[in-house]
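Engineer: How does the following fold in three dimensions:
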Amino acid sequence: MSAISVVPAQVEDAPVLAAIASDSSESDAQTEMKGYGRAPFDISEYTRTSVPQHLKSPRIRTIKAVDEETGAIMGEVPPASKPPAVENDKSETPAPSVVEKPDDPVARLVALTDADLKDWMDTVMPPGASCLYVVTLYVAPAFQRRGVGSALLKWGTDLAEAGDTLRGCTRRPGRGGHRQDAGGRFG
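Structural biologist: Next up, the predicted model:
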């Protein structure tokens, strides 16, 4: 296998990144749950339409792994974000997220899990914190078990070793890779 480059994504990558997100999330319980409601979450559509906005934000990094020989996009770190700058007194504790109670039980569950994640993020990376939050890694099924996930994790751990704190929250399929490749450096 040829070498892997980890580089910033570009707007024109959105359709490929959307396909990778969709294909690699087929067995992800969280994504699957979001698809059961009356207004199912479509990760492919979300990725395709959100990448251009994410690339404009100074707080968000969207990274891709590319096969140096073929130029194929092999995987991605979708929006890795930094906390906002401090806007208020640091002694203030963020209020817990208010969870709307949609009529759809699946939408209600999604709202609860999203609020829980937001509260966790507010706790471990409050405004002004020097850290980068990585929500997931996606590796195209055709490139899984070829070191792509490790290359994407290395991008994050290199940032951490350069002085940034890296926060990772992983779902079941990625836990082994985080333990193996990150050496416990994810907080």
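
Engineer: Tell me where the protein has helices.
Structural biologist: Along the chain, the segments classed as helices by DSSP state H run 14-24, 29-34, 43-56, 105-124, 148-161, 175-182.

Engineer: so which of the ones you listed comes closest to Val7?
Structural biologist: With respect to Val7, and counting by CB to CB, the nearest of the helices of the chain is helix 148-161 at 9.3 Å. From N, CA and C alone the C-beta is placed, and that goes for glycine too.

Engineer: Tell me the buried residues in the closest one?
Structural biologist: Residues of helix 148-161 classed as buried under the neighbour-count rule (16 or more other CB atoms under 10 Å) are 148-157, 159-160.

Engineer: could you redo the residues you listed as a markdown table and give each row distance to Glu68 and pLDDT?
Structural biologist: Converted to a markdown table, the buried residues of helix 148-161 look like this (distance: CB to CB, whole Å; pLDDT from 0 to 100):
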| residue | distance to Glu68 | pLDDT |
| --- | --- | --- |
| Val148 | 12 | 95 |
| Gly149 | 17 | 91 |
| Ser150 | 16 | 90 |
| Ala151 | 11 | 93 |
| Leu152 | 15 | 90 |
| Leu153 | 18 | 86 |
| Lys154 | 15 | 87 |
| Trp155 | 15 | 86 |
| Gly156 | 20 | 78 |
| Thr157 | 21 | 78 |
| Leu159 | 21 | 75 |
| Ala160 | 24 | 70 |
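
Engineer: Retrieve the pLDDT associated with the most centrally placed residue in the chain.
Structural biologist: Note on the chain: the residue nearest the mean C-alpha position is Val135, at 3.0 Å, using CA atoms, centre = their mean. In the predicted model, Val135 carries a pLDDT score of 73.

Engineer: Now Val6: closest residue in space that isn't a chain neighbour?
Structural biologist: Residue nearest to Val6 in three dimensions, not counting chain neighbours: Trp155, with 4.5 Å by CB to CB, 6 or more residues apart in numbering.
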